[in-house]
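Peer 1: With the input below, show me the fold.
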Amino acid sequence: MSPSGTRNPSVDEKVDAVEISPEASPKDYIPPLVIRDGDFHSWLTAAGAFIVVFCSSGYVNSFGVYEDFYVREYLNDHSSSKIGWIGGTQTFCLFSMGIFSGYAIDVGYFHPVMLTGSVLFIFCLFMISLSQPQQWYQLFLAQGVGLGIAIGSIYIPALGVVAHHFKQKRSLVMGIVASASSLGGVVHPIMLNILIHGPVGFHCVRISSFMNLVLLVAANCMMRTCLPTRTKELSSQFTHWAGFFSDKTYITATAGTFLLILGVFFPIFYLQLDAVERGVGTNLAFYSIAILNGSSAFGRVVPTIFADRCGVFTLLVPCTLACGILIFATDAVSVGNPGVIVMAILYGFFSGACISLLGPMLANFAKDVSEVSARIGICFGIGGIGSLIGPPIMGALLTSRNIWIRPIIFSGISMCLAALFLMITGIHVRHIRANRRVDAEGQQP
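Peer 2: The predicted model follows:
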């Protein structure tokens, strides 16, 4: 309750009709916007976003194939930690670019951002295919920086634009769209493993480039935003964003997201290398990332079916804790072919659930639809720092002697702390809702 006795809007309220008051400024005014659940253009946009996530985040999830290939062959003159900077920078750019791309689509520049990011994505894939063996800087610039910026320019807008079109089914639809990351994480690794170790060699990346070119052209034609183009001073926008951090629940949610992203990528990046080092059959080792990502598809969809009913935090916290426990159990579980399969299936499911539930959690903090992409983008941007420093730290802890217990402890602790912060956030959100019910009952005659 405010001092005047009027109730302030809660951060976790969702709205059907969204309006920005014309009293603020004529150029910031948006006509009343109604979120339509399930019309033709909404589902067409969701389908286009699915394709974008398949191409972008799905490619990030295939980095385990590159990690194994670089460490053992293409960049074997360089340390695991140094190679880890390629994957870490790529993932960091994926998340951190959301701050800028999220702002751009919130003010109506969705299509220019998507088109620019798509063109850069294809260009960088061709540059990767032209890189030379042992030339770490070429791959760092093309794959780590360039491809990372391109992916970040299209990934967050794809998630954000879906939230513009759905309210009642928001968690479910965003989960379905996020599952494209898992599908891409199955298709890309299988294709890359077959082609890299075949007669085509590393030039197979060009084949991947042409496939993604066709898909991204289709996706850009399918998606549309509900928000009109408008002009807003960037300084006033920064002031508005700073106001997000006056909300304690958003702060703890951001801390939990940072810790989750810091630790979650260890098995995703290193499972294939771990399987090879443990003497697991080559075919199974090469398919381990595909199995993990295939299981992740179910993890990204199944929990979101229930998230709108029982609450995001009810599912997010246990799934995050389960990831931490599985990481700690890596040495015990990943023994022999059955162990690698079990680890890939279980970790894929729970990590997929964690990642897919972050978007709906953050979207629910938005007070109106024009904040959705900014809320997601800023939190993911901060969380992206975890993805930047996480893989190099894991590689440094692993060392050239492959001491697996060190990165296991680091990643496991990160995930358990993430579960703690997200649990605190969930408790605070429930407390806010309980107070709101009491206020509503007290105002009844």
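Peer 1: quick one: low-confidence ranges for the stretch 101-250 of the chain?
Peer 2: Scanning the stretch 101-250 of the chain with the threshold set as pLDDT under 70 gives 106, 200, 227-241.
Peer 1: Just give me the neighbour total for Pro338.
Peer 2: When neighbours are counted by other CB atoms under 10 Å, Pro338 registers 11. Any C-beta I mention is one placed from the backbone N, CA and C, and that applies to glycine too.
Peer 1: how distant is the host helix or strand of it from the center of its chain?
Peer 2: Assigned by DSSP states H and E, Pro338 belongs to helix 336-363. Relative to its chain's centre, helix 336-363 lies at 13 Å (CA atoms, centre = their mean, to the nearest Å).
Peer 1: list the buried ones in that helix?
Peer 2: Residues 339-363 are the ones in helix 336-363 that count as buried (16 or more other CB atoms under 10 Å).
Peer 1: From the contact counts, what lies against the helix or strand harbouring Asp274?
Peer 2: Per DSSP H and E, Asp274 falls inside helix 248-277. Counting contacts by 3 or more CB pairs under 8 Å, 6 or more residues apart in numbering; DSSP states H and E, helix 248-277 is packed against helix 63-69, helix 80-96, helix 282-310, helix 312-328, helix 336-363, helix 372-398, helix 405-443.
Peer 1: So Lys367: helix, strand or coil?
Peer 2: The three-state assignment at Lys367 reads coil, by DSSP: H, G, I helix; E, B strand; the rest coil.
Peer 1: Run a quick neighbour tally on it.
Peer 2: 20.
Peer 1: Equivalent analysis for Ala396, please.
Peer 2: For Ala396, using other CB under 10 Å, the count is 16.
Peer 1: Pull up the gap between it and Gly412, please.
Peer 2: Distance, Ala396 to Gly412, using CB to CB, to the nearest Å: 17 Å.
Peer 1: do the same with Ala434
Peer 2: Using CB to CB, Ala434 is found at 33 Å from Gly412.
Peer 1: go on, Thr257?
Peer 2: From Thr257 to Gly412 the distance is 18 Å (CB to CB).
Peer 1: now swap in Ala285 and tell me
Peer 2: Distance of Ala285 to Gly412, given as CB to CB: 22 Å.
Peer 1: cool, and Leu213?
Peer 2: For Leu213, the distance to Gly412 equals 40 Å [CB to CB].
Peer 1: So between those two, which is more surrounded?
Peer 2: Using other CB under 10 Å, the more surrounded residue of Leu213 and Gly412 is Gly412, with 20 against 17.
Peer 1: That one contacts Gly324, correct?
Peer 2: Yes: using CB atoms under 8 Å, Gly412 is in contact with Gly324, at 5.1 Å.
Peer 1: Now list whatever residues contact both of the two.
Peer 2: Counting by CB atoms under 8 Å, 6 or more residues apart in numbering, the residues touching both Gly412 and Gly324 are Gly263.
Peer 1: I'd assumed Gln134 was in a helix, is it?
Peer 2: No: applying three-state DSSP, one finds Gln134 to be coil, outside a helix.
Peer 1: how many neighbours does Val214 have?
Peer 2: The number of residues near Val214, taken as other CB under 10 Å, comes to 10.
Peer 1: Same question for Arg401.
Peer 2: 6.
Peer 1: Give me the distance between it and Gln272.
Peer 2: With CB to CB as the criterion, Arg401 and Gln272 are 19 Å apart.
Peer 1: can you check Phe100 too?
Peer 2: Phe100 is 33 Å from Gln272, by CB to CB.
Peer 1: And the pLDDT at Leu260?
Peer 2: Looking at Leu260, its pLDDT stands at 95.
Peer 1: roughly how far apart are the residue positioned nearest the centre of the chain and Gly348?
Peer 2: Centroid-nearest residue in the chain, with CA atoms, centre = their mean: Ile355, separated by 5.9 Å. Going from Ile355 to Gly348 by CB to CB gives 11 Å.
Peer 1: Which neighbours do those two have in common?
Peer 2: Residues touching both Ile355 and Gly348 (CB under 8 Å, 6+ apart): Ser296.
Peer 1: Render the CA-only coordinates of stretch 83-91 in CSV, please.
Peer 2: The C-alpha coordinates for stretch 83-91 follow below in CSV (Å, rounded to 0.1, in the frame of the first residue of the first chain):
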residue,chain,number,x,y,z
ILE,A,83,39.0,-22.3,-26.5
GLY,A,84,36.3,-21.9,-23.9
TRP,A,85,36.4,-18.1,-24.5
ILE,A,86,35.0,-18.7,-28.0
GLY,A,87,31.9,-20.5,-26.7
GLY,A,88,31.7,-18.2,-23.6
THR,A,89,31.8,-15.0,-25.7
GLN,A,90,29.2,-16.4,-28.1
THR,A,91,26.8,-17.2,-25.3
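Peer 1: got the contact list for it?
Peer 2: Contacts for stretch 83-91 (CB under 8 Å, 6+ apart): 60, 63, 66-67, 70-71, 75, 136, 139-140, 143-145, 147-148, 151, 261, 265, 269, 384, 387-392, 394-396.
Peer 1: Any stretches of the stretch 301-445 of the chain with poor pLDDT?
Peer 2: For the stretch 301-445 of the chain, the stretches flagged by pLDDT under 70 are 333-335, 368-370, 436-445.
Peer 1: follow-up on the earlier one: Phe100 and Gln272: which has the busier surroundings?
Peer 2: Shown here are Phe100 and Gln272; by other CB under 10 Å, Gln272 has more neighbours (30 against 15).
Peer 1: wait, what's in contact with the more buried one?
Peer 2: Gly64, Val65, Glu67, Asp68, Ala285, Phe286, Ser288, Ile289 are the contacts of Gln272 under CB under 8 Å, 6+ apart.
Peer 1: What about the residue nearest to Phe380 when sequence neighbours are not counted, how many residues nearby?
Peer 2: Spatial nearest neighbour of Phe380, chain neighbours left out: Phe95 (4.1 Å); criterion: CB to CB, 6 or more residues apart in numbering. Phe95 has 28 neighbouring residues, counting by other CB under 10 Å.
Peer 1: what sits against Phe95?
Peer 2: By CB under 8 Å, 6+ apart, Phe95 lies in contact with Gly152, Ile156, Ile261, Phe380, Gly381, Gly383, Gly384, Ser387.
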